[in-house]
Each structure stands twice: as structure tokens, then as C-alpha cells.
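Peer 1: Curious how this folds, go ahead:
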Amino acid sequence: MVICQVINSLSSGGAEVFTSQLAVSLQKKGHNVILITYQGCIDKKGEILNDYLRNSGVEVIHMSGFRKGAIGYLKVFFFLLITLHKIKPNVVHAHLQMSDFFVGIAAKTFIIKKPKLIRTIHNKRRAARLNYFFESLLFKSFDFNIACSDFVKNNYDNPKLRKFISSIPNGIDLSELNSYVNVDKNSLKKELDLPPNKKIIFNIGSMYLSDNAISKKNQQFIIEAVEKLRDRDDFIVVFLGDGPLRNDFEDSVKKKRINDKVIFKGNVLNVYKFIFAGDICVMPSKDEGLPIALIETVCAAKHAIVSPIDAFTPFKSNSVKNLKSFELNEFVDEIVDSLDNIGKYNRLAKENTMYYKSTFDISVVAQKYLNYY
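Peer 2: Residues are numbered from 1 along each chain as shown. Sure thing, here's the model as predicted:
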């Protein structure tokens with residue numbers, strides 16, 4: 001089977017990582033997989049994904065010279081139109097809204113042997129600036145609209161369109177993660193320049209305003225919690241991720257005089273090194289689909305504290321604390337309990353690892369997609 005995976009770009013984003021790993025898993029199952037982007041690799045992680053794909057036998061095709069605007073988008077359409085007609089795939093699988101639009105339109109030009117069209121909906125937010133009529137046309141352009149979790153399916157912002165949505169949970173390639181299972185934690189701390197005598201609390205997430213309205217990953221909430229714990233000297237918080245809000249967060253840390261407790265690492269090329277060097281993942285997000293970063297964390301047998309949003313329900317266990325509210329004092333109390341009882345939570349996290357790995361193995365996820373293909 002010839003399968004085209006189409007996504008805006010290759011980068012450090014969760015959807016981009018998932019799409020790349022799905023493509024490789026499908027290739028390993030004996031299919032001819034081509035991954036197509038119109039923006040190319042937009043950061044170092046994207047370049048790593050690009051190499052990972054090609055080294056795994058996946059053909060990668062990037063459009064060059066993308067520019068935003070009417071002319072740029074017209075160029076994308078013709079690029080996809082020509083590329084897809086040349087490949088003549090059995091399946092075209094689109095990821096993220098702009099790719100959905102372009103694929104949905106371009107595929108309509110196939111007259112003989114139309115490819116099956118699949119899209120993955122990576123969050124519950126509806127297509128921006130589309131009224132119901134045009135958004136429903138987008139949904140009906142695809143044979144299957146598949147949410148990345150039951151939460152996204154059941155909470156999609158346009159209730160009338162939920163009947164068109166199925167769901168398959170995101171997954172990860174476990175091979176890289178498994179290579180770190182026996183790596184010495186103190187050695188990783190030394191390599192990453194992290195204090196050897198501190199418990200490491202980490203957060204993974206981009207730093208930007210979603211829809212120009214909210215900080216989706218809610219890093220400021222973590223900073224406020226650290227301020228309340230300034231008298232403790234047994235931990236440090238490490239932020240992994242970057243974006244336009246990073247300067248604001250760094251300024252906030254300076255104003256609160258908690259510089260000695262917070263480290264900003266930006267986008268990192270190997271997140272597993274930090275996960276395995278860490279002790280507690282905190283993710284007080286205001287909005288999520290099914291975050292790849294938390295899948296990686298729980299599969300690495302790490303304890304986590306997450307916000308009360310329903311998107312985190314699939315992770316609920318005795319090693320993942322789901323907060324009951326966005327009340328700061330509750331968050332602080334949970335961090336204190338985790339720091340004081342880290343041995344217990346490490347043990348529980350290890351006991352739950354096999355469950356999480358079996359649930360989020362990309363090979364299992366890929367087979368579920370093949371059933372739709």
C-alpha cells in the first residue's frame with residue numbers, strides 16, 4: 001500500500017513527532033510511506049525527525065520557499081496537487097488544519113482511483129474562522145476524521161460534527177525510550193549540567209499563546225508554585241520548550257527572585273535524557289489533545305502531576321496525580337507531597353510502566369490506523 005502522510009512541517013511539536021513515528025511504524029509493517037511537508041524542517045528537532053524518517057526508509061518530500069499569504073497558499077495547493085498526482089497513493093493521511101484544507105481540496109481533483117482520505121484531529125479546537133457549512137464540508141471531504149483521543153472526539157468545539165469523528169489514541173516509538181532504561185541517572189544529570197543533589201521537577205511544552213488568547217501549557221502557574229516553595233532547597237524546576245512567551249516567563253522568575261530554582265533549557269534535541277534525569281513531571285495545562293510529552297513521561301516510569309482537564313483522564317493512575325482544580329495551594333500541596341514521598345511515587349510509576357507502554361505503543365496505534373486505511 002502506498003501511504004502519504006501530510007503535515008505542515010517537521011519540528012519539535014507533538015503532532016510532528018507523532019506523524020513521523022507513525023510513518024516509520026507503517027513503513028516497518030511493509031508499506032511504502034511518503035511524508036510530505038510544505039514548510040520543511042523548522043528547527044533542530046525537525047532535522048532530527050527528517051533523518052529518522054529517511055534512515056527508516058520513509059521518503060520525505062519538502063516544498064521549498066513557503067511564504068504565508070494568498071500566493072504562498074496557492075503555491076502549496078499546486079505543490080500538493082502535482083505531488084499527489086505523481087505518487088498516486090492509496091491513502092492520504094493529513095495532520096493539522098492547514099494540511100487538512102490543502103489535502104481535502106487537492107484530493108478532489110482525482111477522477112480515476114481516488115485515494116482514501118484520512119485526517120487526524122490533534123486538538124478539540126474547531127477550524128479557525130470557518131462557519132458550520134464550510135467546516136462540515138471539510139469533514140465530509142475525508143473518509144475518516146480521527147481524533148487523537150476520546151476526549152478530543154467527545155469535546156470537539158463544534159458539537160454537530162462530533163458524529164463524524166472516530167478516535168485512536170496517540171502513541172510513541174518505544175525503541176529510543178527503552179535505550180535509556182538502564183542509563184545511570186547521576187551520569188545524565190552531570191551531562192545535562194543539572195545539580196546532582198536536587199530533585200528535578202520538569203515541564204515539557206511550547207511557550208506561546210494559543211489562538212492569541214491563552215498560554216495552553218500554563219507555565220506561569222508552575223512559576224507561581226515555585227515562589228511559594230522558595231524556602232525549600234531540595235528541588236529545581238527545568239522548563240523544556242521555547243516560544244514567544246519565554247522572555248515573559250524568565251522575567252517573572254527574576255522578579256520573584258527564584259532564579260536559583262528555575263532553569264530554562266529551550267527546545268532540546270533529546271528529551272528522554274531530561275525525562276530519565278528527572279523525578280517529577282508537572283503539566284498544569286489549560287488545554288491539550290493527548291500530549292506526546294506525557295506519554296513519553298509515563299512510559300519512562302516517571303511520576304506526574306497534571307491539571308484537572310479531561311484530556312488527562314487516559315493517564316489516571318496512582319502514579320499520575322490529577323489535580324481537582326486550578327487552585328494554586330492545591331498544586332503546591334501536591335508538589336510538596338511528591339517531593340516528600342518521591343520514593344513511593346517512583347515505585348508506583350515503575351509498576352504502571354507496562355500498562356502505559358502497551359497502551360501507547362506506536363506499532364499498536366499504526367495497526368489501528370491500518371484498519372481504517
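Peer 1: residues in contact with residue 120?
Peer 2: With contact set as CB atoms under 8 Å, 6 or more residues apart in numbering, residue 120 has these partners: 15, 19, 93-95, 146-148, 168. In short, each C-beta sits where N, CA and C put it, glycine included.
Peer 1: Then residue 183?
Peer 2: Taking CB under 8 Å, 6+ apart as the test, what residue 183 contacts is residue 276.
Peer 1: need the contact list for residue 298.
Peer 2: Residue 298 makes contact with 304, 315, 317, 319-320, 349, 352-353, 356, 360, according to CB under 8 Å, 6+ apart.
Peer 1: Sort out for me which of the contacts of residue 120 are in strands.
Peer 2: Among the contacts of residue 120, the ones falling in strands (DSSP state E) are 93-95, 146-147.
Peer 1: Please indicate which of the residues you listed are buried?
Peer 2: Among these, those classed as buried by neighbour count (16 or more other CB atoms under 10 Å) are 93-95, 146-147.
Peer 1: JSON lines for these, including pLDDT?
Peer 2: Shown next, in JSON lines, are those (pLDDT from 0 to 100):
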{"residue": "93", "pLDDT": "98"}
{"residue": "94", "pLDDT": "97"}
{"residue": "95", "pLDDT": "97"}
{"residue": "146", "pLDDT": "97"}
{"residue": "147", "pLDDT": "96"}
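Peer 1: Can you tell me which of those is nearest residue 267?
Peer 2: Among those, residue 95 lies closest to residue 267 (CB to CB), at 19.8 Å.
Peer 1: can you pull up the bridge partners for that closest one?
Peer 2: Beta-bridge partners for residue 95, by DSSP bridges, are residue 7, residue 120.
Peer 1: how close does it get to residue 5?
Peer 2: According to CB to CB, to the nearest Å, residue 95 and residue 5 sit 7 Å apart.
Peer 1: Mutual contacts of the two, please.
Peer 2: Common neighbours of residue 95 and residue 5 (criterion: CB under 8 Å, 6+ apart): residue 19.
Peer 1: What sits closest to residue 263 if chain neighbours are left out?
Peer 2: Spatial nearest neighbour of residue 263, chain neighbours left out: residue 238 (4.9 Å); criterion: CB to CB, 6 or more residues apart in numbering.
Peer 1: Please report phi then psi for the one you found.
Peer 2: Listed backbone geometry of residue 238 is phi -120, psi 120, with angles given as degrees, to the nearest 10.
Peer 1: can you pull the contacts of it?
Peer 2: By CB under 8 Å, 6+ apart, the residues touching residue 238 are 194, 200-203, 263, 265, 274, 278.
Peer 1: So what pairs up with it in the strands?
Peer 2: residue 202, residue 263.
Peer 1: domains for the chain, by residue range?
Peer 2: Structural domains annotated on the chain: 2-168, 174-360, as defined by automatic domain parsing.
Peer 1: do you know which of those lies nearest residue 368?
Peer 2: Nearest to residue 368 among these is domain 2-168 (4.7 Å), distances taken as CB to CB.
Peer 1: what about the closest one, how long is it end to end?
Peer 2: Counting by CA to CA, to the nearest Å, you get 21 Å between the two ends of domain 2-168.
Peer 1: And stretch 119-136, by the same measure?
Peer 2: Stretch 119-136 stretches 14 Å from its first residue to its last (CA to CA).
Peer 1: Okay, and which of the contacts of residue 298 map to strands?
Peer 2: Those of the contacts of residue 298 lying in strands (DSSP E): 304, 320.
Peer 1: Same list (the contacts of residue 298) but as CSV, adding pLDDT.
Peer 2: Formatted as CSV, the contacts of residue 298 follow (pLDDT from 0 to 100):
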residue, pLDDT
304, 98
315, 94
317, 95
319, 97
320, 97
349, 97
352, 97
353, 96
356, 96
360, 95
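Peer 1: From the contacts of residue 298, which land in helices?
Peer 2: Secondary structure from DSSP state H places 349, 352-353, 356, 360 of the contacts of residue 298 in helices.
Peer 1: For the stretch 151-300 of the chain, which segments count as helices?
Peer 2: All helices of the stretch 151-300 of the chain, identified by DSSP state H, counting those that start in this stretch, fall at 174-178, 185-191, 219-228, 246-255, 271-277, 292-299.
Peer 1: give the contact list for residue 139.
Peer 2: Taking CB under 8 Å, 6+ apart as the criterion, residue 139 is in contact with 145, 161, 164.
Peer 1: can you list the residues you listed in TSV and add neighbour count, pLDDT and distance to residue 46?
Peer 2: Output for these, formatted as TSV (neighbours: other CB atoms under 10 Å; pLDDT from 0 to 100; distance: CB to CB, whole Å):
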residue	neighbour count	pLDDT	distance to residue 46
145	24	97	26
161	19	93	31
164	16	94	31
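Peer 1: between the residues you listed, which is nearest residue 133?
Peer 2: residue 161 (11.4 Å).
Peer 1: thought the closest one was touching residue 134?
Peer 2: No - Residue 161 lies out of contact with residue 134 (CB atoms under 8 Å); the separation is 11.6 Å.
Peer 1: Give me the contact list for stretch 221-234.
Peer 2: Identification of contacts with stretch 221-234 by CB under 8 Å, 6+ apart yields 198-199, 203, 235, 237, 239, 249, 252-253, 256-258, 261-262, 282, 284, 326, 328-329, 331-332, 335-336, 339.
Peer 1: So for residue 373, which of the domains of the chain sits nearest?
Peer 2: domain 2-168 (4.7 Å).
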